[in-house]
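Q: Next come a sequence and a model predicted from it.
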Amino acid sequence: MWKEIGDREMGKIRPNSFSSQIKSNRISNLQLSNNKDIVSPHRGSINSLQVDLTEGRYLLSGASDASAAVYDIQRPTNYEGNGLIAKHKCLFSVDKQHGKGHKYAISSAIWYPVDTGLFVTGSYDHYIKVWDTNSTQVVMNFKMPGKVYRTVMSPLATSHMLIAAGTEDVQVRLCDIASGAFAHTLSGHRDGVMAVEWSTSSEWALITGGCDGAIRFWDIRRAGCFLVLDQSQSQLGWRPPVLARSAANKVSVSKSLSAGQNSLGKPRAPQKKYANGHGVKQSTIGRVPAKSSARQRLHPGMLSIQDRATAHYGAVTGLKVTDDGMYLLSAGSDSRIKLWDLESGYNTLVNFEMVRLQTSKAIQLAISQETAQVFVPCMTVVKAFDIWSGKMSLAFHGHYESVNCCWFSSQDQELYTGGNDRQILVWSPCEPITDDMDAGHTKDQDNWSD
Amino acid sequence: MDKGKKRRREDEEIEAVDSDANHSLSLEQNLSFSDTLVALRMMRAQFPHIDKVSIQPFILQSQLYSSVKDRTQVDRELESLRRDKVVRVFKLNTGQDDHGIMFLDDYLKQVEHVVKRMEEKKQCDLQVFKWFKVHVIESKLEPCIGHQELYALLSLGGRMKDEHISLLINSGFLTHQLIDPSMYWFAIPNIGSILKGLSQGRKELLSLLNRRRYKKMMLAPLEKKHLRLSPLDMRFHLRDLIGSGHIKTVHTPTGIVVRVSKD
């Protein structure tokens, strides 16, 4: 460590690589924290964890007993064990006793991306509530047609304040905080939607993963989705080769042609598909779609409804986009994690070694961007995989029951995990325990927050 | 892997590829290979001979994962072999993500064998199988196909009727997808009893290890045991379960130990 600092001083290492070296050293030392403890007031399994995006100071958790709680993870509420263990109790918690609180389990609790003055919770009681943090009152209520599985807001949004909600219902709804009404709905999935994420490169792009196994990309400014990920379309490498696009694209061309033939009924360019000289048979091909289907004409933007490509063989239970917006990681109930290249839309065929993932609930993945690692809750263990090679680098054993959610704070290199055993565990790089008590527990003038 | 073993393996590969069913190689020496194609050929040569059912050798994808270290490399090489029409990948119905891999020549031999057996039984209208072989297998390389596309491709051979598709399903070339009624999986005909034996053999092997006090056993004596419920041999099942993660191998000074993995 001192050698690196010396090299940085000399200018031998660049600042970015210096900081990423230190961060990856700390991440490889992650273990159950010996000096930090979060005291959770929840009486049900923890379903959702999020640290606020503006300051990285407040952790919001949502649990199955309809309670949501906020903790300050940088300043402990009290010290125990001779001042060595910092206990973080919740600053406040809203549960069933609150007059307007949720009645059933909270499946998703997120901060308003702009500041910590608001947070949004979605629950199995079909409601999405927007809360004011300082007064802990419900400001807005949205009623959904089914159990809410996930609510997300875009961290990049400057011109809209939409909450995208994935529910039991096949349509994804967008709720607008500014007007208090629904903006519009996105149809295309054939079963409930368990995983929703906003794109990290565009404030208009939304990614949803459904229980039918499909992952769809939507531009919320127009109808229909613009991309459906198909696990059989793959590329051999993290980026597609520059010249070999034609080989990979033959499949997609034939697929879009068959979809086109079904809905528009015109035998448009079938010779592109059957290039081996069966020109005589073209008339029979042309007659086939008209005979077999009498579908009504669909809006061109809605053609994607007929695209039945699946990204996983089971339901899609978790989605996470990398910070640069180039890759998407998806977890499915077929116990597979797949890495997708978002620019080409293909499966990169990176194999993450997995035996079992939990299938009934959605899981929350976390990505550490500098070290290119993804943290995946696999039953009772949280495993860290290298994104590019798929090899497991770390395994965190600590929970007594299945882990549902994890959040990685890249500012402090700490991992927070919550599971069915009602615990929120903190995993941090090991700190040396000093024998003497610091004199620094006095009132700190810098301890303030917006 | 030291040089002596590697040379021995290459020699064995040459004789194994020439002569089928080389049983005398122990699993301990042949646990890992360097390349997917080498692994595929070796495992094809080691495919057990089954008495009552005539089936060409096939390899499970989990077996490949157990033999080549880097799983991503396996996936990618398999994908390029599939695109080059060297192998064909089939989704099997024995488990969550089971895929069976068969060399294209073996698959075509299997198809011919089944068609010949149907001819002997004097069943009518076998031309659909010829159309299937010529038009569908050659052009559609994925493991699944949609109804419209199948109809269109078969029509290239001649006049298509819906009974032809039912004939293909009944003889085992296609199966319906459970999620989507208009999509079909390609299947290996005549493989039904072997797939049943596969799932039963997996359960039997896992229960054999679970019954032990410490849930582990040395590989060498384990390999010599016979499975009652499966026509496939112990080596096949061991590779499959190691690759899917249910069993782990530990290298010890006295040999390889196999144990049930607790996640």
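A: Thanks, I have it. Numbering: from 1, shown residues only, chains lettered A, B, ... in the order given.

Q: where exactly do the strands run in the stretch 351-450 of chain A?
A: Secondary structure of the stretch 351-450 of chain A by DSSP state E, counting those that start in this stretch: the strands cover A:366-368, A:373-378, A:381-386, A:392-397, A:403-409, A:414-419, A:424-429.

Q: Pipe the ones you listed into CSV and attach distance to chain B per row.
A: C-betas here are computed from N, CA, C, even on glycine. Formatted as CSV, those follow (distance: least, Cβ to the nearest Cβ, whole Å):
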stretch, distance to chain B
strand A:366-368, 18
strand A:373-378, 7
strand A:381-386, 7
strand A:392-397, 10
strand A:403-409, 12
strand A:414-419, 15
strand A:424-429, 18
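
Q: Any idea which of these gets closest to residue B:163?
A: Residue B:163 lies closest to strand A:373-378 among the strands of the stretch 351-450 of chain A, at 47.5 Å (Cβ to Cβ).

Q: Report all helices and strands that the closest one contacts.
A: strand A:366-368, strand A:381-386, strand A:403-409, strand A:414-419 (3 or more Cβ pairs under 8 Å, 6 or more residues apart in numbering or on different chains; DSSP states H and E).

Q: would you turn the strands of the stretch 351-450 of chain A into JSON lines with mean neighbour count and mean pLDDT?
A: Converted to JSON lines, the strands of the stretch 351-450 of chain A look like this (neighbours: other Cβ atoms under 10 Å in any protein chain shown; pLDDT from 0 to 100):
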{"stretch": "strand A:366-368", "mean neighbour count": "20", "mean pLDDT": "94"}
{"stretch": "strand A:373-378", "mean neighbour count": "24", "mean pLDDT": "94"}
{"stretch": "strand A:381-386", "mean neighbour count": "21", "mean pLDDT": "94"}
{"stretch": "strand A:392-397", "mean neighbour count": "15", "mean pLDDT": "92"}
{"stretch": "strand A:403-409", "mean neighbour count": "24", "mean pLDDT": "94"}
{"stretch": "strand A:414-419", "mean neighbour count": "25", "mean pLDDT": "94"}
{"stretch": "strand A:424-429", "mean neighbour count": "22", "mean pLDDT": "94"}
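
Q: Reformat those strands as TSV; add distance to residue A:161.
A: Output for the strands of the stretch 351-450 of chain A, formatted as TSV (distance: least, Cβ to Cβ, whole Å):
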stretch	distance to residue A:161
strand A:366-368	25
strand A:373-378	29
strand A:381-386	33
strand A:392-397	36
strand A:403-409	23
strand A:414-419	26
strand A:424-429	28
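
Q: In TSV: the helices and strands packed on strand A:373-378, plus distance to residue A:232.
A: Converted to TSV, the helices and strands packed on strand A:373-378 look like this (distance: least, Cβ to Cβ, whole Å):
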stretch	distance to residue A:232
strand A:366-368	25
strand A:381-386	23
strand A:403-409	30
strand A:414-419	34
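
Q: and of those strands, who's closest to residue B:171?
A: Closest approach to residue B:171 among those is made by strand A:381-386 (42.7 Å; Cβ to Cβ).

Q: what residues are up against the spatially closest residue to residue B:77 that is not a sequence neighbour?
A: Spatially, and ignoring its direct neighbours in sequence, residue B:77 is nearest to residue B:36 (3.9 Å; Cβ to Cβ, 6 or more residues apart in numbering or on different chains). If you count contacts by Cβ atoms under 8 Å, 6 or more residues apart in numbering or on different chains, residue B:36 has them with B:64, B:68, B:73-74, B:77-78, B:81.

Q: do residue B:243 as well
A: Counting by Cβ under 8 Å, 6+ apart, the residues that residue B:243 touches are B:60-67.
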